[in-house]
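Visitor: Output the structure for:
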Amino acid sequence: SPNGDGNNDRLVVHGKGAQIRRVQVFRVYDRWGELVYEDLDFPVNDTQRGWDGTFRGQNCQSDVYVWYAEVEYIDGFRQTAQGNTTLIR
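Guide: Now for the predicted structure:
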């Protein structure tokens, strides 16, 4: 619910920070598969890095969006995760 109240205004990659070296890729897609957000190479749990519910400077409509993340652990192992999130306006 990105409405500026400071609560859930961004979709952020969360994890156990001491175990994860970096988020290598974080992407969000709309229901038709169009990439609406991408960020690369940033620390996990960074609340300033994440999707704010916009695409090309415009608010996205309330809908279900798919996310994909690839993280690298401190031992070099890479893992992918994916899921969906509902954007509420």
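Visitor: I figured Val13 hits Val25, correct?
Guide: No: contact criterion CB atoms under 8 Å: Val13 and Val25 do not qualify, at 9.9 Å. Any C-beta I mention is one placed from the backbone N, CA and C, and that applies to glycine too.
Visitor: Between these two, tell me which one has more neighbours.
Guide: Regarding Val13 and Val25, a neighbour count based on other CB atoms under 10 Å identifies Val13 as having more, with 22 against 18.
Visitor: that older thread, now do the shared contacts for Val13 and Val25.
Guide: Common neighbours of Val13 and Val25, using CB atoms under 8 Å, 6 or more residues apart in numbering, are Ala69.
Visitor: Next up, phi/psi of the residue lying farthest from the centre of the chain, please.
Guide: For the chain, the residue at maximal distance from the C-alpha centroid (CA atoms, centre = their mean) is Asp75, at 23.0 Å. The phi and psi values for Asp75, taken as degrees, to the nearest 10, are phi -90, psi 0.
Visitor: which residues of this structure fall in strands?
Guide: Ranges of strands in the chain, per DSSP state E, are 20-29, 35-42, 54-55, 58-59, 63-73, 78-87.
Visitor: Format those as CSV; extra columns: mean pLDDT.
Guide: Shown next, in CSV, are the strands of the chain (pLDDT from 0 to 100):
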stretch, mean pLDDT
strand 20-29, 97
strand 35-42, 98
strand 54-55, 97
strand 58-59, 96
strand 63-73, 97
strand 78-87, 97
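Visitor: Point out the most buried one among those.
Guide: Highest mean neighbour count among these (mean count of other CB atoms under 10 Å): strand 20-29, with a mean of 19.
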